[in-house]
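Student: Can you look at this prediction? I've put the sequence above it.
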Amino acid sequence: MQFNIEGAVDDPEGDPLDAIWYWVDPEGSPHFLFGNLTMTFDNPCDLKSFANPPAGSYITVEVVVSDHELDWAPTVDETQPVRTGTDEKGTPYPMIKRVWVVELVDTCP
């Protein structure tokens, strides 16, 4: 499975973009996966949540992008496990989030 935001995001000033990809399992836990503007699940059947999903299970695949450095910082019951720095006034730098909802429809071989 591959997810891609190439051509969907850019920075008006031409600054490089930082991206963090993660997926959220049916229980709501986030799992970090490395990616740049494209993220690939090499073998989804190796992931426990994908191997034998209960009927009607869903996961979300999420990406957060900013022209500032992002950090992976999940905490319990945190809806946004990604953080960006702050400016001199303490205001967080902006970031954009995209979400895909994926239905798990079959078991792995």
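Tutor: On my side now, so go ahead. Keep in mind that this is a model prediction, so the values were computed, not measured.
Student: Just say helix, strand or coil for residue 74.
Tutor: Recorded secondary structure, residue 74: coil (DSSP: H, G, I helix; E, B strand; the rest coil).
Student: Name the nearest residue to it, ignoring sequence neighbours.
Tutor: Nearest residue to residue 74, sequence neighbours excluded (C-beta to C-beta, 6 or more residues apart in numbering): residue 81, at 3.4 Å. Every C-beta, even on glycine, is put in place using the N, C-alpha and C of the backbone.
Student: distance of that neighbour from residue 108?
Tutor: Distance of residue 81 to residue 108, given as C-beta to C-beta, to the nearest Å: 26 Å.
Student: which of the two has more neighbours?
Tutor: For residue 81 versus residue 108, neighbours defined as other C-beta atoms under 10 Å are more numerous around residue 81 (19 against 13).
Student: re earlier: contacts only, for the residue nearest to residue 74.
Tutor: By C-beta atoms under 8 Å, 6 or more residues apart in numbering, the contact set of residue 81 is 22, 30, 32, 72-75.
Student: need those residues in JSON lines with distance to residue 95 and neighbour count, can you?
Tutor: Shown next, in JSON lines, are these (distance: C-beta to C-beta, whole Å; neighbours: other C-beta atoms under 10 Å):
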{"residue": "22", "distance to residue 95": "13", "neighbour count": "21"}
{"residue": "30", "distance to residue 95": "15", "neighbour count": "18"}
{"residue": "32", "distance to residue 95": "16", "neighbour count": "13"}
{"residue": "72", "distance to residue 95": "13", "neighbour count": "14"}
{"residue": "73", "distance to residue 95": "13", "neighbour count": "11"}
{"residue": "74", "distance to residue 95": "15", "neighbour count": "15"}
{"residue": "75", "distance to residue 95": "17", "neighbour count": "7"}
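Student: which one of these is nearest residue 66?
Tutor: Nearest to residue 66 among the contacts of residue 81: residue 72, at 12.9 Å, using C-beta to C-beta.
Student: partners of that closest one in the sheet?
Tutor: Beta-bridge partners of residue 72, counted by DSSP bridges, are residue 82.
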